[in-house]
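Visitor: any chance you could fold what I've pasted below:
(chains A, B, C and D)
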Number of protein chains: 2
Amino acid sequence: MLELVTDTEKKDATNPPAASAPALTPRQRARTQTVADIIRLGRRHLALHGAAALSLRAVARDLGVVSSAVYRYVESRDELLTLLLIDAYNELGDEVDAAVEAVPVDDHAGRFAALGRAVRTWALREPASYALLFGSPVPGYNAPAERTTVPGTRVILALVGILESAFQAGGLASEDKVGAWIPAALQADLEAIRGQFGLTVSEELVARGVLVWSALFGAVSFEAFNQYGPDTFSVPAELFDHHLAVLAGVAGLQPRPSRDDG
Amino acid sequence: MLELVTDTEKKDATNPPAASAPALTPRQRARTQTVADIIRLGRRHLALHGAAALSLRAVARDLGVVSSAVYRYVESRDELLTLLLIDAYNELGDEVDAAVEAVPVDDHAGRFAALGRAVRTWALREPASYALLFGSPVPGYNAPAERTTVPGTRVILALVGILESAFQAGGLASEDKVGAWIPAALQADLEAIRGQFGLTVSEELVARGVLVWSALFGAVSFEAFNQYGPDTFSVPAELFDHHLAVLAGVAGLQPRPSRDDG
DNA sequence: AACAAAAGAGAGCGCTGCTCTTGACAAGCT
DNA sequence: AGCTTGTCAAGAGCAGCGCTCTCTTTTGTT
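Guide: This next block holds a predicted model:
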(Lines give C-alpha, C1' and ligand atoms only; values in the text may rest on other atoms or scores of the structure.)
Protein backbone atom coordinates (compact mmCIF):
# COMPACT_ATOMS: atom_id res chain seq x y z
CA MET A 1 0.00 0.00 0.00
CA LEU A 2 1.16 3.48 -0.68
CA GLU A 3 1.81 6.19 1.81
CA LEU A 4 1.08 9.84 1.52
CA VAL A 5 3.93 12.27 1.49
CA THR A 6 3.83 15.69 2.99
CA ASP A 7 3.97 18.65 0.70
CA THR A 8 7.58 19.31 1.60
CA GLU A 9 8.67 16.40 -0.50
CA LYS A 10 8.52 17.11 -4.15
CA LYS A 11 10.06 14.78 -6.62
CA ASP A 12 12.95 13.06 -5.05
CA ALA A 13 12.23 9.76 -6.66
CA THR A 14 15.53 9.99 -8.44
CA ASN A 15 17.26 10.89 -5.22
CA PRO A 16 17.10 8.01 -2.77
CA PRO A 17 18.70 9.21 0.45
CA ALA A 18 20.09 5.96 1.70
CA ALA A 19 19.59 2.26 1.43
CA SER A 20 17.93 2.20 4.81
CA ALA A 21 14.62 1.56 3.10
CA PRO A 22 13.14 -1.89 3.48
CA ALA A 23 13.58 -4.53 0.89
CA LEU A 24 12.10 -2.46 -1.86
CA THR A 25 13.75 -2.36 -5.21
CA PRO A 26 14.39 1.05 -6.73
CA ARG A 27 11.65 0.18 -9.17
CA GLN A 28 9.11 -0.26 -6.42
CA ARG A 29 10.21 2.91 -4.71
CA ALA A 30 9.89 4.92 -7.88
CA ARG A 31 6.53 3.39 -8.56
CA THR A 32 5.03 4.23 -5.18
CA GLN A 33 6.45 7.71 -5.46
CA THR A 34 4.86 8.19 -8.85
CA VAL A 35 1.50 6.98 -7.58
CA ALA A 36 1.79 9.37 -4.66
CA ASP A 37 2.55 12.18 -7.07
CA ILE A 38 -0.48 11.28 -9.13
CA ILE A 39 -2.67 11.41 -6.04
CA ARG A 40 -1.19 14.74 -5.02
CA LEU A 41 -1.75 16.24 -8.44
CA GLY A 42 -5.20 14.71 -8.59
CA ARG A 43 -6.07 16.35 -5.28
CA ARG A 44 -4.93 19.68 -6.59
CA HIS A 45 -6.92 19.22 -9.74
CA LEU A 46 -9.94 18.12 -7.72
CA ALA A 47 -9.76 21.14 -5.46
CA LEU A 48 -9.38 23.51 -8.37
CA HIS A 49 -11.88 22.15 -10.87
CA GLY A 50 -14.11 19.67 -9.08
CA ALA A 51 -14.62 15.95 -9.32
CA ALA A 52 -16.54 15.89 -12.58
CA ALA A 53 -13.74 17.77 -14.31
CA LEU A 54 -11.02 15.51 -12.95
CA SER A 55 -9.02 14.59 -16.00
CA LEU A 56 -6.34 11.96 -16.24
CA ARG A 57 -4.85 13.83 -19.16
CA ALA A 58 -4.49 16.98 -17.10
CA VAL A 59 -2.83 15.02 -14.32
CA ALA A 60 -0.50 13.53 -16.88
CA ARG A 61 0.35 16.99 -18.17
CA ASP A 62 1.12 18.21 -14.67
CA LEU A 63 3.22 15.14 -14.15
CA GLY A 64 5.15 15.96 -17.31
CA VAL A 65 4.21 12.72 -18.96
CA VAL A 66 2.08 11.60 -21.85
CA SER A 67 -1.49 10.68 -21.02
CA SER A 68 -1.24 6.99 -21.65
CA ALA A 69 1.67 6.67 -19.24
CA VAL A 70 -0.44 7.24 -16.16
CA TYR A 71 -2.40 4.12 -16.99
CA ARG A 72 0.69 2.21 -15.91
CA TYR A 73 -0.02 3.41 -12.38
CA VAL A 74 -3.74 4.01 -12.22
CA GLU A 75 -6.13 1.61 -13.78
CA SER A 76 -8.71 4.17 -14.82
CA ARG A 77 -10.24 7.49 -13.92
CA ASP A 78 -12.53 5.70 -11.50
CA GLU A 79 -9.51 4.14 -9.84
CA LEU A 80 -8.04 7.59 -9.32
CA LEU A 81 -11.36 8.71 -7.88
CA THR A 82 -11.22 5.82 -5.46
CA LEU A 83 -7.71 6.74 -4.39
CA LEU A 84 -8.75 10.34 -3.83
CA LEU A 85 -11.85 9.15 -1.97
CA ILE A 86 -9.79 7.07 0.44
CA ASP A 87 -7.27 9.86 0.81
CA ALA A 88 -9.98 12.37 1.65
CA TYR A 89 -11.73 10.03 4.09
CA ASN A 90 -8.50 9.49 5.93
CA GLU A 91 -7.62 13.16 6.03
CA LEU A 92 -11.05 13.98 7.43
CA GLY A 93 -10.80 11.12 9.89
CA ASP A 94 -7.37 12.21 11.05
CA GLU A 95 -8.47 15.78 11.65
CA VAL A 96 -11.64 14.72 13.43
CA ASP A 97 -9.74 12.31 15.65
CA ALA A 98 -7.13 14.93 16.47
CA ALA A 99 -9.77 17.52 17.29
CA VAL A 100 -11.70 15.12 19.49
CA GLU A 101 -8.68 13.92 21.37
CA ALA A 102 -7.62 17.46 22.12
CA VAL A 103 -10.62 17.70 24.46
CA PRO A 104 -10.66 15.94 27.84
CA VAL A 105 -12.27 12.56 27.75
CA ASP A 106 -14.95 13.43 30.27
CA ASP A 107 -16.06 16.57 28.43
CA HIS A 108 -18.39 14.71 26.14
CA ALA A 109 -20.23 17.77 24.93
CA GLY A 110 -16.93 19.44 24.21
CA ARG A 111 -15.76 16.43 22.28
CA PHE A 112 -18.98 16.41 20.29
CA ALA A 113 -18.58 20.09 19.46
CA ALA A 114 -14.96 19.50 18.48
CA LEU A 115 -16.02 16.72 16.15
CA GLY A 116 -18.63 18.85 14.48
CA ARG A 117 -16.35 21.83 14.10
CA ALA A 118 -13.60 19.65 12.66
CA VAL A 119 -15.96 18.28 10.04
CA ARG A 120 -17.12 21.76 9.12
CA THR A 121 -13.62 23.20 9.01
CA TRP A 122 -12.37 20.46 6.75
CA ALA A 123 -15.42 20.67 4.51
CA LEU A 124 -15.05 24.39 4.01
CA ARG A 125 -11.33 24.09 3.41
CA GLU A 126 -11.68 21.21 0.94
CA PRO A 127 -15.11 21.66 -0.59
CA ALA A 128 -14.38 19.54 -3.63
CA SER A 129 -13.21 16.61 -1.52
CA TYR A 130 -16.19 17.05 0.76
CA ALA A 131 -18.48 17.03 -2.25
CA LEU A 132 -16.80 13.86 -3.45
CA LEU A 133 -17.48 12.13 -0.14
CA PHE A 134 -20.86 13.50 0.89
CA GLY A 135 -22.33 15.15 -2.17
CA SER A 136 -24.01 13.76 -5.21
CA PRO A 137 -22.69 10.33 -6.09
CA VAL A 138 -20.54 10.51 -9.20
CA PRO A 139 -22.74 8.98 -11.90
CA GLY A 140 -21.51 5.68 -13.19
CA TYR A 141 -19.02 5.36 -10.37
CA ASN A 142 -19.50 2.95 -7.53
CA ALA A 143 -16.94 3.12 -4.80
CA PRO A 144 -15.53 -0.32 -4.00
CA ALA A 145 -16.95 -1.00 -0.58
CA GLU A 146 -14.08 -3.24 0.50
CA ARG A 147 -11.67 -0.34 0.20
CA THR A 148 -13.78 2.61 1.30
CA THR A 149 -15.98 1.41 4.16
CA VAL A 150 -13.24 1.39 6.77
CA PRO A 151 -11.97 4.94 6.16
CA GLY A 152 -15.50 6.06 5.35
CA THR A 153 -16.86 5.14 8.77
CA ARG A 154 -14.29 6.86 10.93
CA VAL A 155 -16.39 9.93 11.68
CA ILE A 156 -19.49 8.02 12.66
CA LEU A 157 -17.31 5.70 14.73
CA ALA A 158 -15.90 8.68 16.57
CA LEU A 159 -19.38 10.03 17.12
CA VAL A 160 -20.78 6.82 18.54
CA GLY A 161 -17.70 6.56 20.71
CA ILE A 162 -18.40 9.95 22.23
CA LEU A 163 -22.06 9.22 22.81
CA GLU A 164 -21.44 5.79 24.23
CA SER A 165 -18.81 6.94 26.68
CA ALA A 166 -21.01 9.85 27.69
CA PHE A 167 -23.78 7.40 28.38
CA GLN A 168 -21.57 5.09 30.38
CA ALA A 169 -20.29 8.04 32.40
CA GLY A 170 -23.83 9.06 33.14
CA GLY A 171 -23.50 12.19 31.05
CA LEU A 172 -26.36 11.35 28.76
CA ALA A 173 -29.86 12.40 29.70
CA SER A 174 -31.19 9.26 28.22
CA GLU A 175 -34.46 8.01 29.50
CA ASP A 176 -36.24 11.29 29.86
CA LYS A 177 -36.10 11.65 26.13
CA VAL A 178 -39.44 10.22 25.23
CA GLY A 179 -39.08 10.49 21.50
CA ALA A 180 -41.41 8.95 19.02
CA TRP A 181 -42.89 5.55 18.73
CA ILE A 182 -40.35 3.17 17.21
CA PRO A 183 -41.87 0.59 14.87
CA ALA A 184 -40.80 -3.00 14.95
CA ALA A 185 -38.58 -3.07 11.89
CA LEU A 186 -36.75 0.06 12.96
CA GLN A 187 -36.41 -1.38 16.44
CA ALA A 188 -34.76 -4.47 15.00
CA ASP A 189 -32.40 -2.40 12.88
CA LEU A 190 -31.41 -0.29 15.85
CA GLU A 191 -30.79 -3.35 17.95
CA ALA A 192 -28.57 -4.71 15.21
CA ILE A 193 -26.61 -1.48 15.25
CA ARG A 194 -26.29 -1.70 19.02
CA GLY A 195 -24.93 -5.17 18.69
CA GLN A 196 -22.59 -4.27 15.87
CA PHE A 197 -20.97 -1.45 17.80
CA GLY A 198 -21.34 -3.01 21.23
CA LEU A 199 -23.45 -0.13 22.48
CA THR A 200 -25.28 0.04 25.76
CA VAL A 201 -27.39 3.07 24.94
CA SER A 202 -31.08 2.62 24.24
CA GLU A 203 -32.56 2.21 20.79
CA GLU A 204 -34.15 5.61 21.10
CA LEU A 205 -30.74 7.15 21.64
CA VAL A 206 -29.26 5.21 18.75
CA ALA A 207 -31.96 6.63 16.51
CA ARG A 208 -31.27 10.10 17.84
CA GLY A 209 -27.59 9.56 17.24
CA VAL A 210 -28.30 8.74 13.62
CA LEU A 211 -30.38 11.89 13.37
CA VAL A 212 -27.60 13.98 14.91
CA TRP A 213 -25.16 12.41 12.49
CA SER A 214 -27.19 13.20 9.42
CA ALA A 215 -28.18 16.62 10.74
CA LEU A 216 -24.54 17.49 11.34
CA PHE A 217 -23.65 16.69 7.77
CA GLY A 218 -26.80 18.37 6.56
CA ALA A 219 -25.73 21.61 8.20
CA VAL A 220 -22.22 21.29 6.83
CA SER A 221 -23.53 20.46 3.37
CA PHE A 222 -25.87 23.44 3.35
CA GLU A 223 -22.93 25.67 4.06
CA ALA A 224 -20.43 23.96 1.79
CA PHE A 225 -22.91 23.77 -1.06
CA ASN A 226 -24.13 27.34 -0.66
CA GLN A 227 -27.72 26.44 0.06
CA TYR A 228 -28.06 29.47 2.27
CA GLY A 229 -28.07 32.67 0.31
CA PRO A 230 -24.75 34.44 0.00
CA ASP A 231 -25.68 37.18 2.46
CA THR A 232 -27.97 35.38 4.85
CA PHE A 233 -25.48 34.65 7.61
CA SER A 234 -22.57 36.98 8.12
CA VAL A 235 -20.77 34.67 10.55
CA PRO A 236 -21.82 31.15 9.60
CA ALA A 237 -19.66 29.63 12.31
CA GLU A 238 -21.95 31.14 14.93
CA LEU A 239 -24.98 29.56 13.33
CA PHE A 240 -23.17 26.26 13.15
CA ASP A 241 -22.16 26.41 16.79
CA HIS A 242 -25.75 27.07 17.74
CA HIS A 243 -26.82 24.09 15.69
CA LEU A 244 -24.22 21.97 17.42
CA ALA A 245 -25.51 23.04 20.82
CA VAL A 246 -29.08 22.13 19.90
CA LEU A 247 -27.96 18.84 18.38
CA ALA A 248 -26.02 18.01 21.53
CA GLY A 249 -29.27 18.40 23.39
CA VAL A 250 -31.02 16.17 20.89
CA ALA A 251 -28.44 13.49 21.52
CA GLY A 252 -28.92 13.93 25.27
CA LEU A 253 -25.52 15.41 25.95
CA GLN A 254 -25.25 17.68 28.94
CA PRO A 255 -23.47 20.96 28.22
CA ARG A 256 -20.87 20.24 30.91
CA PRO A 257 -19.04 17.21 32.06
CA SER A 258 -20.54 15.42 35.00
CA ARG A 259 -17.96 16.77 37.42
CA ASP A 260 -15.91 19.91 37.37
CA ASP A 261 -12.32 19.93 36.40
CA GLY A 262 -10.21 19.64 39.54
CA MET B 1 -29.18 35.72 -28.68
CA LEU B 2 -32.28 33.75 -28.04
CA GLU B 3 -34.57 33.93 -25.15
CA LEU B 4 -37.21 31.62 -23.88
CA VAL B 5 -40.80 32.40 -24.53
CA THR B 6 -42.41 32.42 -21.15
CA ASP B 7 -45.63 34.29 -21.52
CA THR B 8 -47.18 37.04 -23.55
CA GLU B 9 -44.58 39.07 -25.30
CA LYS B 10 -44.54 42.80 -25.63
CA LYS B 11 -44.84 43.13 -29.36
CA ASP B 12 -47.90 41.05 -30.11
CA ALA B 13 -50.03 44.15 -30.55
CA THR B 14 -50.18 43.48 -34.26
CA ASN B 15 -52.03 40.27 -33.68
CA PRO B 16 -54.80 40.67 -31.14
CA PRO B 17 -57.70 38.98 -32.97
CA ALA B 18 -60.26 36.93 -31.18
CA ALA B 19 -58.70 33.53 -31.47
CA SER B 20 -59.41 31.29 -28.52
CA ALA B 21 -55.90 29.97 -28.79
CA PRO B 22 -53.23 32.24 -27.36
CA ALA B 23 -51.87 34.80 -29.77
CA LEU B 24 -48.88 32.72 -30.68
CA THR B 25 -47.69 32.22 -34.20
CA PRO B 26 -47.21 28.65 -35.33
CA ARG B 27 -43.49 29.27 -35.19
CA GLN B 28 -43.70 30.26 -31.55
CA ARG B 29 -45.92 27.30 -30.78
CA ALA B 30 -43.51 24.91 -32.41
CA ARG B 31 -40.61 26.56 -30.65
CA THR B 32 -42.17 26.29 -27.22
CA GLN B 33 -43.03 22.71 -27.91
CA THR B 34 -39.49 21.92 -28.98
CA VAL B 35 -38.05 23.53 -25.87
CA ALA B 36 -40.48 21.52 -23.78
CA ASP B 37 -39.38 18.36 -25.58
CA ILE B 38 -35.75 19.18 -24.92
CA ILE B 39 -36.49 19.63 -21.22
CA ARG B 40 -38.41 16.38 -21.14
CA LEU B 41 -35.64 14.45 -22.85
CA GLY B 42 -33.08 16.17 -20.68
CA ARG B 43 -34.95 15.08 -17.58
CA ARG B 44 -35.01 11.53 -18.82
CA HIS B 45 -31.33 11.65 -19.59
CA LEU B 46 -30.64 13.22 -16.22
CA ALA B 47 -32.58 10.56 -14.37
CA LEU B 48 -30.89 7.76 -16.27
CA HIS B 49 -27.29 8.89 -16.38
CA GLY B 50 -26.86 11.74 -13.92
CA ALA B 51 -26.13 15.41 -14.27
CA ALA B 52 -22.45 15.12 -15.10
CA ALA B 53 -23.26 12.82 -18.02
CA LEU B 54 -25.97 15.08 -19.36
CA SER B 55 -25.08 15.45 -23.00
CA LEU B 56 -26.60 17.84 -25.47
CA ARG B 57 -25.62 15.49 -28.23
CA ALA B 58 -27.56 12.65 -26.66
CA VAL B 59 -30.59 14.88 -26.23
CA ALA B 60 -30.25 15.84 -29.89
CA ARG B 61 -30.14 12.18 -30.86
CA ASP B 62 -33.27 11.45 -28.86
CA LEU B 63 -34.88 14.43 -30.49
CA GLY B 64 -34.00 13.03 -33.90
CA VAL B 65 -31.94 16.03 -34.83
CA VAL B 66 -28.33 16.86 -35.39
CA SER B 67 -26.40 18.11 -32.38
CA SER B 68 -25.90 21.66 -33.53
CA ALA B 69 -29.62 22.13 -34.05
CA VAL B 70 -30.44 22.15 -30.36
CA TYR B 71 -28.31 25.24 -29.94
CA ARG B 72 -31.12 27.07 -31.72
CA TYR B 73 -33.23 26.44 -28.61
CA VAL B 74 -30.81 26.12 -25.73
CA GLU B 75 -27.89 28.45 -25.43
CA SER B 76 -25.53 25.94 -23.89
CA ARG B 77 -25.33 22.89 -21.71
CA ASP B 78 -25.40 25.14 -18.68
CA GLU B 79 -28.58 26.74 -19.97
CA LEU B 80 -30.16 23.30 -20.19
CA LEU B 81 -29.01 22.60 -16.65
CA THR B 82 -30.67 25.80 -15.53
CA LEU B 83 -33.92 24.82 -17.21
CA LEU B 84 -33.81 21.40 -15.55
CA LEU B 85 -32.97 23.05 -12.23
CA ILE B 86 -36.00 25.32 -12.38
CA ASP B 87 -38.17 22.46 -13.57
CA ALA B 88 -37.07 20.29 -10.67
CA TYR B 89 -37.47 23.07 -8.10
CA ASN B 90 -40.99 23.66 -9.27
CA GLU B 91 -41.91 19.99 -9.30
CA LEU B 92 -40.61 19.61 -5.76
CA GLY B 93 -42.38 22.77 -4.69
CA ASP B 94 -45.65 21.64 -6.23
CA GLU B 95 -45.54 18.28 -4.50
CA VAL B 96 -44.58 19.77 -1.16
CA ASP B 97 -47.34 22.36 -1.38
CA ALA B 98 -49.89 19.72 -2.32
CA ALA B 99 -48.83 17.46 0.51
CA VAL B 100 -48.93 20.25 3.05
CA GLU B 101 -52.30 21.54 1.95
CA ALA B 102 -53.79 18.07 2.21
CA VAL B 103 -53.41 18.34 6.00
CA PRO B 104 -55.74 20.58 8.06
CA VAL B 105 -54.35 24.02 8.69
CA ASP B 106 -54.36 23.68 12.45
CA ASP B 107 -52.48 20.38 12.44
CA HIS B 108 -49.10 22.03 12.32
CA ALA B 109 -47.14 18.96 13.27
CA GLY B 110 -49.01 17.00 10.63
CA ARG B 111 -48.22 19.63 8.04
CA PHE B 112 -44.57 19.55 9.01
CA ALA B 113 -44.47 15.79 8.70
CA ALA B 114 -46.22 15.99 5.33
CA LEU B 115 -43.64 18.48 4.11
CA GLY B 116 -40.77 16.29 5.18
CA ARG B 117 -42.25 13.14 3.70
CA ALA B 118 -42.96 14.93 0.44
CA VAL B 119 -39.37 16.05 0.17
CA ARG B 120 -38.12 12.55 0.89
CA THR B 121 -40.53 10.89 -1.51
CA TRP B 122 -39.61 13.20 -4.35
CA ALA B 123 -35.90 12.86 -3.63
CA LEU B 124 -36.02 9.08 -3.70
CA ARG B 125 -38.13 9.07 -6.84
CA GLU B 126 -35.92 11.57 -8.67
CA PRO B 127 -32.49 11.11 -7.16
CA ALA B 128 -30.64 12.74 -10.05
CA SER B 129 -32.80 15.85 -9.90
CA TYR B 130 -32.43 15.93 -6.14
CA ALA B 131 -28.67 15.66 -6.52
CA LEU B 132 -28.76 18.52 -8.99
CA LEU B 133 -30.59 20.73 -6.52
CA PHE B 134 -29.08 19.75 -3.19
CA GLY B 135 -25.96 17.77 -3.96
CA SER B 136 -22.52 18.81 -5.01
CA PRO B 137 -22.57 21.97 -7.05
CA VAL B 138 -21.78 21.22 -10.67
CA PRO B 139 -18.23 22.54 -11.12
CA GLY B 140 -17.99 25.55 -13.35
CA TYR B 141 -21.73 26.06 -13.30
CA ASN B 142 -23.32 28.88 -11.37
CA ALA B 143 -27.08 28.94 -11.35
CA PRO B 144 -28.40 32.35 -12.34
CA ALA B 145 -29.86 33.63 -9.10
CA GLU B 146 -32.47 35.81 -10.75
CA ARG B 147 -34.10 32.75 -12.28
CA THR B 148 -33.61 30.14 -9.58
CA THR B 149 -34.08 31.86 -6.25
CA VAL B 150 -37.86 32.09 -6.45
CA PRO B 151 -38.50 28.41 -7.28
CA GLY B 152 -35.55 27.42 -5.10
CA THR B 153 -37.02 28.91 -1.94
CA ARG B 154 -40.46 27.35 -2.09
CA VAL B 155 -39.75 24.56 0.39
CA ILE B 156 -38.20 26.78 3.02
CA LEU B 157 -41.05 29.23 2.51
CA ALA B 158 -43.54 26.46 3.17
CA LEU B 159 -41.60 25.41 6.25
CA VAL B 160 -41.46 28.88 7.78
CA GLY B 161 -45.15 29.26 6.97
CA ILE B 162 -45.96 26.17 8.99
CA LEU B 163 -43.81 27.18 11.93
CA GLU B 164 -45.06 30.76 11.96
CA SER B 165 -48.73 29.81 11.86
CA ALA B 166 -48.10 27.22 14.56
CA PHE B 167 -46.54 29.91 16.70
CA GLN B 168 -49.36 32.35 16.13
CA ALA B 169 -51.88 29.65 16.99
CA GLY B 170 -50.05 28.96 20.21
CA GLY B 171 -48.95 25.55 18.97
CA LEU B 172 -45.29 26.22 19.37
CA ALA B 173 -43.62 25.52 22.67
CA SER B 174 -41.40 28.49 22.18
CA GLU B 175 -40.02 30.11 25.23
CA ASP B 176 -39.25 27.05 27.26
CA LYS B 177 -36.68 26.15 24.64
CA VAL B 178 -33.67 27.67 26.25
CA GLY B 179 -31.26 26.83 23.50
CA ALA B 180 -27.76 28.12 23.30
CA TRP B 181 -26.30 31.53 23.68
CA ILE B 182 -26.79 33.49 20.47
CA PRO B 183 -23.90 35.81 19.63
CA ALA B 184 -24.48 39.31 18.39
CA ALA B 185 -23.79 38.79 14.70
CA LEU B 186 -26.02 35.75 14.55
CA GLN B 187 -28.68 37.63 16.47
CA ALA B 188 -28.59 40.39 13.86
CA ASP B 189 -28.81 37.89 11.01
CA LEU B 190 -31.76 36.16 12.62
CA GLU B 191 -33.53 39.45 13.16
CA ALA B 192 -32.98 40.27 9.50
CA ILE B 193 -34.57 36.95 8.58
CA ARG B 194 -37.49 37.71 10.86
CA GLY B 195 -37.98 41.01 9.15
CA GLN B 196 -37.60 39.56 5.69
CA PHE B 197 -40.29 36.95 6.24
CA GLY B 198 -42.41 39.02 8.62
CA LEU B 199 -42.03 36.47 11.39
CA THR B 200 -43.15 36.86 14.95
CA VAL B 201 -41.29 33.88 16.36
CA SER B 202 -38.21 34.45 18.47
CA GLU B 203 -34.69 34.46 17.15
CA GLU B 204 -34.02 31.24 18.99
CA LEU B 205 -36.86 29.60 17.12
CA VAL B 206 -35.67 31.02 13.81
CA ALA B 207 -32.28 29.45 14.44
CA ARG B 208 -33.94 26.17 15.35
CA GLY B 209 -36.00 26.41 12.19
CA VAL B 210 -32.86 26.73 10.13
CA LEU B 211 -31.44 23.71 11.91
CA VAL B 212 -34.59 21.71 11.25
CA TRP B 213 -34.45 22.76 7.62
CA SER B 214 -30.85 21.67 7.11
CA ALA B 215 -31.35 18.54 9.21
CA LEU B 216 -34.33 17.53 7.12
CA PHE B 217 -32.32 17.76 3.94
CA GLY B 218 -29.40 16.11 5.64
CA ALA B 219 -31.52 13.10 6.45
CA VAL B 220 -32.93 13.00 2.94
CA SER B 221 -29.47 13.40 1.42
CA PHE B 222 -28.03 10.60 3.52
CA GLU B 223 -30.71 8.32 2.20
CA ALA B 224 -30.68 9.54 -1.40
CA PHE B 225 -26.89 9.46 -1.57
CA ASN B 226 -26.58 6.06 0.10
CA GLN B 227 -24.57 7.26 3.05
CA TYR B 228 -26.12 4.58 5.22
CA GLY B 229 -24.89 1.17 4.34
CA PRO B 230 -27.08 -0.84 2.01
CA ASP B 231 -28.36 -3.13 4.75
CA THR B 232 -28.40 -0.86 7.75
CA PHE B 233 -32.05 0.12 7.73
CA SER B 234 -34.57 -2.29 6.31
CA VAL B 235 -37.42 0.21 6.32
CA PRO B 236 -35.80 3.61 5.93
CA ALA B 237 -39.14 5.40 5.99
CA GLU B 238 -39.54 4.41 9.64
CA LEU B 239 -36.22 5.93 10.52
CA PHE B 240 -37.13 9.06 8.61
CA ASP B 241 -40.45 9.37 10.36
CA HIS B 242 -38.70 9.06 13.68
CA HIS B 243 -36.31 11.78 12.65
CA LEU B 244 -39.22 13.97 11.65
CA ALA B 245 -40.84 13.47 15.04
CA VAL B 246 -37.67 14.46 16.85
CA LEU B 247 -37.14 17.42 14.55
CA ALA B 248 -40.69 18.58 15.16
CA GLY B 249 -39.82 18.65 18.83
CA VAL B 250 -36.67 20.60 18.07
CA ALA B 251 -38.75 23.19 16.26
CA GLY B 252 -41.14 23.31 19.21
CA LEU B 253 -44.07 21.74 17.43
CA GLN B 254 -46.57 19.92 19.59
CA PRO B 255 -47.44 16.46 18.31
CA ARG B 256 -51.17 17.34 18.16
CA PRO B 257 -53.14 20.39 17.17
CA SER B 258 -54.20 22.66 19.98
CA ARG B 259 -57.79 21.52 19.84
CA ASP B 260 -59.39 18.36 18.64
CA ASP B 261 -61.21 18.13 15.39
CA GLY B 262 -64.93 18.73 15.96
C1' DA C 1 -44.79 33.72 -56.33
C1' DA C 2 -41.22 36.19 -53.70
C1' DC C 3 -38.85 37.02 -49.70
C1' DA C 4 -36.87 36.89 -45.15
C1' DA C 5 -36.66 34.62 -40.91
C1' DA C 6 -36.01 30.38 -38.70
C1' DA C 7 -34.37 25.82 -38.48
C1' DG C 8 -31.59 21.90 -39.72
C1' DA C 9 -27.26 19.74 -41.58
C1' DG C 10 -22.56 19.20 -41.76
C1' DA C 11 -17.78 20.09 -41.03
C1' DG C 12 -14.53 21.14 -37.83
C1' DC C 13 -11.76 22.50 -33.42
C1' DG C 14 -10.08 21.09 -29.16
C1' DC C 15 -10.96 18.40 -25.39
C1' DT C 16 -11.98 13.87 -22.88
C1' DG C 17 -11.21 8.48 -21.40
C1' DC C 18 -9.21 4.66 -22.98
C1' DT C 19 -6.70 0.98 -25.95
C1' DC C 20 -3.12 -0.84 -28.63
C1' DT C 21 1.37 -1.05 -30.48
C1' DT C 22 6.18 0.10 -30.61
C1' DG C 23 10.57 1.07 -28.93
C1' DA C 24 13.79 2.06 -25.06
C1' DC C 25 15.75 0.66 -20.89
C1' DA C 26 16.78 -1.68 -16.53
C1' DA C 27 16.87 -5.94 -13.64
C1' DG C 28 17.97 -10.59 -13.17
C1' DC C 29 19.57 -15.07 -14.69
C1' DT C 30 22.82 -18.33 -17.22
C1' DA D 1 29.19 -10.84 -21.17
C1' DG D 2 24.91 -12.33 -23.32
C1' DC D 3 20.25 -13.02 -23.03
C1' DT D 4 15.58 -12.84 -21.33
C1' DT D 5 12.04 -10.70 -18.95
C1' DG D 6 9.52 -7.00 -16.92
C1' DT D 7 8.65 -2.15 -16.86
C1' DC D 8 7.96 2.14 -18.77
C1' DA D 9 7.10 6.13 -21.94
C1' DA D 10 5.46 7.50 -26.27
C1' DG D 11 2.47 7.82 -30.15
C1' DA D 12 -1.45 6.81 -32.95
C1' DG D 13 -6.07 6.11 -32.90
C1' DC D 14 -11.25 5.45 -31.60
C1' DA D 15 -15.44 7.33 -29.96
C1' DG D 16 -17.54 10.75 -27.48
C1' DC D 17 -18.10 15.55 -25.74
C1' DG D 18 -19.30 21.10 -26.04
C1' DC D 19 -19.41 24.43 -29.14
C1' DT D 20 -18.89 27.40 -33.55
C1' DC D 21 -19.18 28.26 -38.18
C1' DT D 22 -21.11 27.99 -42.77
C1' DC D 23 -24.40 26.37 -45.91
C1' DT D 24 -28.83 24.65 -47.29
C1' DT D 25 -33.63 23.75 -46.57
C1' DT D 26 -37.97 24.67 -44.69
C1' DT D 27 -41.62 27.76 -43.31
C1' DG D 28 -44.64 31.70 -42.47
C1' DT D 29 -45.78 35.94 -44.27
C1' DT D 30 -46.41 39.54 -47.73
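Visitor: ignoring the adjacent residues along the chain, who's closest to the closest residue to chain B within the stretch 101-250 of chain A?
Guide: Closest contact between the stretch 101-250 of chain A and chain B, by Cβ to the nearest Cβ, is at A:Gly218 (1.7 Å). Yep, even glycine has a C-beta here, placed from its N, CA and C like the rest. Closest residue to A:Gly218 apart from its sequence neighbours, by Cβ to Cβ, 6 or more residues apart in numbering or on different chains: B:Gly218 at 1.7 Å.
Visitor: may I have the secondary structure class of the one residue in the stretch 151-262 of chain A that gets nearest to DNA strand D?
Guide: Closest residue of the stretch 151-262 of chain A to DNA strand D, Cβ to the nearest atom of the strand: A:Asn226 (21.4 Å). The three-state assignment at A:Asn226 reads coil, by DSSP: H, G, I helix; E, B strand; the rest coil.
Visitor: who's in contact with it?
Guide: B:Pro137 (Cβ atoms under 8 Å, 6 or more residues apart in numbering or on different chains).
Visitor: burial check on A:Thr149, number of neighbours?
Guide: Number of residues near A:Thr149 (other Cβ atoms under 10 Å in any protein chain shown) recorded here: 12.
Visitor: what of A:Leu24?
Guide: 12.
Visitor: can you give me the mean pLDDT across the helix or strand in which A:Arg27 is found?
Guide: Using DSSP states H and E, A:Arg27 sits within helix A:26-49. If you average the pLDDT over helix A:26-49, you get 90.
Visitor: list the buried ones in that helix?
Guide: A:31-43, A:45-46 (16 or more other Cβ atoms under 10 Å in any protein chain shown).
Visitor: rewinding a little: any idea how far the residue of the stretch 101-250 of chain A closest to chain B is from A:Glu238?
Guide: Distance of A:Gly218 to A:Glu238, given as Cβ to Cβ, to the nearest Å: 18 Å.
Visitor: what do you get for A:Leu163?
Guide: With Cβ to Cβ as the criterion, A:Leu163 and A:Glu238 are 24 Å apart.
Visitor: what of A:Ser129?
Guide: 25 Å.
Visitor: need the strands for chain A, in chain order.
Guide: With DSSP state E, there are no strands along chain A.
Visitor: what residues does it put near DNA strand C?
Guide: A:25-27, A:54-58, A:67-68, A:71, A:76-78 (Cβ under 7 Å from any atom of the strand).
Visitor: which of these are buried?
Guide: Here, 16+ other Cβ under 10 Å leaves A:54, A:56, A:58, A:77 buried among those.
Visitor: show me which of those residues is closest to A:Gly135.
Guide: A:Leu54 (13.8 Å; Cβ to Cβ).
Visitor: so what's A:Leu247 closest to, chain neighbours aside?
Guide: Using Cβ to Cβ, 6+ apart, the nearest residue to A:Leu247 is A:Val212, at 4.9 Å.
Visitor: so the one you found sits against A:Ile156, correct?
Guide: No - A:Val212 lies out of contact with A:Ile156 (Cβ atoms under 8 Å); the separation is 10.4 Å.
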